[in-house]
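*Asks:* test case, fold it:
(chains A and B)
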Number of protein chains: 2
Amino acid sequence: MKFGIVIFPSKDLQDFANSYRKRYDPHYALITPHLTLLNAFEAPEEEAGIFAEKLQQIAAHSNPFTLKTTKVSSFHPVNNVIYLKVEPVDELISLHEEINRELNEQKSEYAFVPHITIGQKLSNDEHSDVYGALRMTKVDHEETIDRFHLLYQLENGSWTVYETFHLGKE
Amino acid sequence: MKFGIVIFPSKDLQDFANSYRKRYDPHYALITPHLTLLNAFEAPEEEAGIFAEKLQQIAAHSNPFTLKTTKVSSFHPVNNVIYLKVEPVDELISLHEEINRELNEQKSEYAFVPHITIGQKLSNDEHSDVYGALRMTKVDHEETIDRFHLLYQLENGSWTVYETFHLGKE
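*Replies:* Numbers count the residues shown, from 1 in each chain, chains lettered A, B, ... in the order given. The predicted structure follows:
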């Protein structure tokens, strides 16, 4: 079974992201807008409880933080992914690092760039059109994040939430 | 903002339900397969925390229970909804009643018939075709339910999980 760990931002920010995802993200119908804390990984269904326990411990000694977006950015030429750039504040970086250390045996080959995807799997031409139109857009938004979620993927590709974890709560 | 309260069954049962929902349920892409504990209701976003607190208390003195499906059934002629019938065990009925009492000011006009929808918004002809084909299907499935979720709806109709509640845990 595939697991993933994400933050869902507020309804406002999700609605904003969806206004782009609807057109530019083929994952639009599979999961609501999110910031990925740990990329999807394969593990037996029975381990969900073990992951939840580890994540509960990590959450308990982590702290809520301010999620701040400022602009639209892109992973091109590595990937034709367009995203809302999220400020890499210390709390978010530590949260990612600890989850990665505790749950990810493979370790990631990418540096952690916190983001909320608004477009992906675009052709080079599409990417350059869309990114050209959006790169100057200001996205000044701030909100408090006090939770994250462990998810698993169904056979049709959609994601179900297994559990919520509260930052800074036993 | 629209809130809802649901149980997501195991991946196996969700995959099974999706094999029908894919063809027969226009909500297929908006939410993964679920058992509704309280129908969608309108409330200000700020009240999410108050609902979560009430649900946490209800969950703490409720108990995990066995979700058992036996057959495919239908709400026709009231609604052309086809569903997996879920046995109305005491724990599930009490959980619904308490949530309804604490959170639902309008009260429901329907009796609570625990179910997992696999088809809806079908024309009368479609309904009679699909239900005719499925009504004799045996759906013998049992699993333990130890959690439920508070969700809210985005502008595009899809649902995001706000929080998980564990049955029988403080």
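
*Asks:* name the residues of chain A found near chain B, please.
*Replies:* Applying CB under 8 Å from any CB of the partner chain, one finds that chain A approaches chain B through A:1, A:8, A:10-11, A:14-15, A:18, A:22, A:29-30, A:32, A:45, A:147, A:149, A:152, A:154-156, A:158-164. For every residue, glycine as well, the C-beta is placed using N, CA and C.

*Asks:* write the ChimeraX selection for whichever of those residues are buried.
*Replies:* Here is the ChimeraX command that selects only those of the residues of chain A next to chain B that count as buried (16 or more other CB atoms under 10 Å in any protein chain shown):
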select /A:1,8,10,11,14,18,29,30,32,147,149,152,154,156,158,159,160,161,162,163,164
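
*Asks:* mind listing which of the residues of chain A next to chain B are in strands?
*Replies:* Within those, residues falling in strands by DSSP state E are A:Arg147, A:His149, A:Tyr152, A:Trp159, A:Thr160, A:Val161, A:Tyr162, A:Glu163, A:Thr164.

*Asks:* from these, which two are the most distant?
*Replies:* A:Arg147 and A:Tyr152 (17.5 Å; CB to CB).

*Asks:* before we move on, what SS does the residue in chain A sticking out farthest from the centre have?
*Replies:* Computed with CA atoms, centre = their mean, the residue of chain A farthest from its C-alpha average is A:Asp125, at 25.4 Å. Under DSSP: H, G, I helix; E, B strand; the rest coil, A:Asp125 falls in the helix class.

*Asks:* now it: how far from chain B?
*Replies:* As for A:Asp125, its distance to chain B is 26 Å (criterion: CB to the nearest CB, to the nearest Å).

*Asks:* ok, A:His61 next?
*Replies:* Look at A:His61 and chain B: by CB to the nearest CB, they are 19 Å apart.

*Asks:* do A:Phe3 as well
*Replies:* Distance, A:Phe3 to chain B, using CB to the nearest CB: 11 Å.

*Asks:* so what's the residue count around A:Glu42?
*Replies:* Close neighbours of A:Glu42, defined as other CB atoms under 10 Å in any protein chain shown, add up to 9.

*Asks:* you'd agree A:Ala133 is in a helix?
*Replies:* Yes: counting by three-state DSSP, A:Ala133 falls inside a helix.

*Asks:* contacts only, for the residue farthest from the centre of chain A.
*Replies:* For A:Asp125, the contact set (CB atoms under 8 Å, 6 or more residues apart in numbering or on different chains) is empty.

*Asks:* how about a cut-off of 10 Å?
*Replies:* Contact analysis of A:Asp125 by CB atoms under 10 Å, 6 or more residues apart in numbering or on different chains lists A:Asn80.
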